[in-house]
Structure formats: C-alpha cells, structure tokens
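generate coordinates for the sequence data below:
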Amino acid sequence: MDEPELTHRDEAGRSLPLLVWRLPKPARAISSAVLGGGLGRCGWVVNATVPMSYDRRDPAAHLRSLAAGLGLRGPGVGLLTGVDVSEVVHVTEDGVRLWATVGLGTPIQAAAPPPAPALAERVGTVNFVVWVPRRLSEGALVNAVATVTEAKTQAIRDLGLDATGTATDAVTVLCPPNGPVAAYGGPRSRWGAPLARTAYEAVLFSGEPARRADPASRSAT
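Residues are numbered from 1 along each chain as shown. Sure, this is the predicted structure:
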C-alpha cells in the first residue's frame, strides 16, 4: 500500500485538504467509516478535512461526491475529520503501515452521559487507515479494529486525558484478499502486536505539543 496523495478541493470558498490512497489492487477491508463501512473489498480510501462547524446531514453523499471528483470508482472508504489531514502521522512496524489524523479537542468517555447537543455535533475525530501485509480472517479483522481502539485509548490516557477517544473516531484496516489466512488480530497476536504499537505511537506522537512543534520530527516512521 503506497503513501497517500495530499490534494485540495475548493468548498464553500475555502481550500480544504484531503488524503487519497489509490490501491494498486483491491484489498480486503473492515471499516467503521461513514462511507464504505463494514466488511468488503476496497480500492481506495479518502480522508477529508472539513470545517469544525461541519453540519451536513449527508456525509456519505458528500464523500461520494468528493470521490467522484477525484476519479475514484468502485468500492472504497470515505472518512471525514476536523483535523488538517496534511498533518497525517505515518508509523510502520514489521510490514504494518498505519496512518493517523488525530484530533483530541473534544475528548469523551465512551460510557459517560450524553453531552450537550452543541458539543456532540462538533467535529473532533481520530481517523486510522491501516495496512496489514497478511490476509486476516473476518474475525481477525474485527479483532484488529478493537486492538487499534484499545491502543488509541492507552495513548490518550498516557497523554493525561481522562477520555477514551472522541465521539466520531473511525478505523479502517486493509489487508491482501488472497494468501494464507491469519486467524487472530488481538494485541498479542502476530499482526495485532505491531498494529497496537503503531496506533499507540501515532496518537502519542500527535498529542505531544513539543514534538508536534518540531517540523523535523513530523514523521514518526
């Protein structure tokens, strides 16, 4: 899986960035994204910045329009975030490649009482796009999403935030559609272990102001 392309589109009088992954071959995927969520084949991924005031009620249709404008066809995954996606963090380990755009401005506790509507509608978002170089079973793909989420929460806690994430976080995990199948994706499994570590490092890196302020340390590969 190659590096994403950073591009921009004009929308509501503003130039907004988006990341585009054009997969050389369709991958097997699991995603919690608003567009292309679930289990299935995936030929592309888009992660688009939107204003923090974003209030469209048709995000999937919006993403389909963005994908069409980029010439993307067939099944794919679309993600939205209030974060500037040009600040994407890329972490790799043992063939696992993870890209994260991390916005922790509206952290929540997953099981806390519902917030006020104004807060609930704000866009924060931690988005992950992950490539695992081994075909994963359906159960392992589900487990991989849980592993990323657990590692994200561990990093958030280690950053000193009393939170589990934001209300709009999304995970996309991709792997080859063919080849020997790995049955497990938990944090102590062959592929889940590097997956957990890359997710943890990406969130920790993004949440440390001192490191983010240093342009020389922008890439966490």
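
show me the shaky parts of the chain.
Scanning the chain for pLDDT under 70 picks out 115-124, 209-221.

mind listing the strands for it?
Secondary structure of the chain by DSSP state E: the strands cover 5-11, 14-31, 38-49, 77-81, 89-93, 96-102, 126-131, 135-136, 170-175, 181-182.

of all those strands, which one is nearest Ala146?
For the strands of the chain, proximity to Ala146 was assessed by CB to CB; strand 170-175 is nearest, at 9.1 Å. (Each C-beta comes from the backbone N, C-alpha and C, glycine too.)

in that closest one, what's buried?
Within strand 170-175, the residues that count as buried by 16 or more other CB atoms under 10 Å are 170-175.

who does the residue most central in space within the chain form a beta bridge with?
For the chain, the residue nearest the mean C-alpha position is Phe128 (1.9 Å; CA atoms, centre = their mean). Taking DSSP bridges as the rule, Phe128 bridges to Ala100, Val171.

chain center to stretch 155-162, what's the gap?
Here stretch 155-162 is found 19 Å from its chain centre; the criterion is CA atoms, centre = their mean, to the nearest Å.

which residues does Pro180 contact?
Pro180 makes contact with 134-135, according to CB atoms under 8 Å, 6 or more residues apart in numbering.

mind listing what Thr147 touches?
Here Thr147 is in contact with 185-187, 192, 195-196, 199 (CB under 8 Å, 6+ apart).

just the buried ones from those residues?
Neighbour-count burial (16+ other CB under 10 Å) is assigned, among the contacts of Thr147, to 185-187, 192, 195-196, 199.

just give me the neighbour total for Val88.
23 (other CB atoms under 10 Å).

that one and Arg97 touch, don't they?
No: using CB atoms under 8 Å, Val88 makes no contact with Arg97, being 11.9 Å away.

now for the buried ones among the contacts of Thr147, which pair is the farthest apart?
Gly186 and Ala199 (13.2 Å).

circling back: and the contacts of Thr147 as CSV, adding distance to Ala61?
Shown next, in CSV, are these (distance: CB to CB, whole Å):
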residue, distance to Ala61
Gly185, 31
Gly186, 36
Pro187, 36
Gly192, 34
Leu195, 31
Ala196, 34
Ala199, 30
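
can you give me the separation between the residue nearest to Ala140 when sequence neighbours are not counted and Ala67?
Of all residues not flanking Ala140 in the chain, Gly185 sits nearest, at 3.8 Å (CB to CB, 6 or more residues apart in numbering). Gly185 is 27 Å from Ala67, where distance means CB to CB, to the nearest Å.
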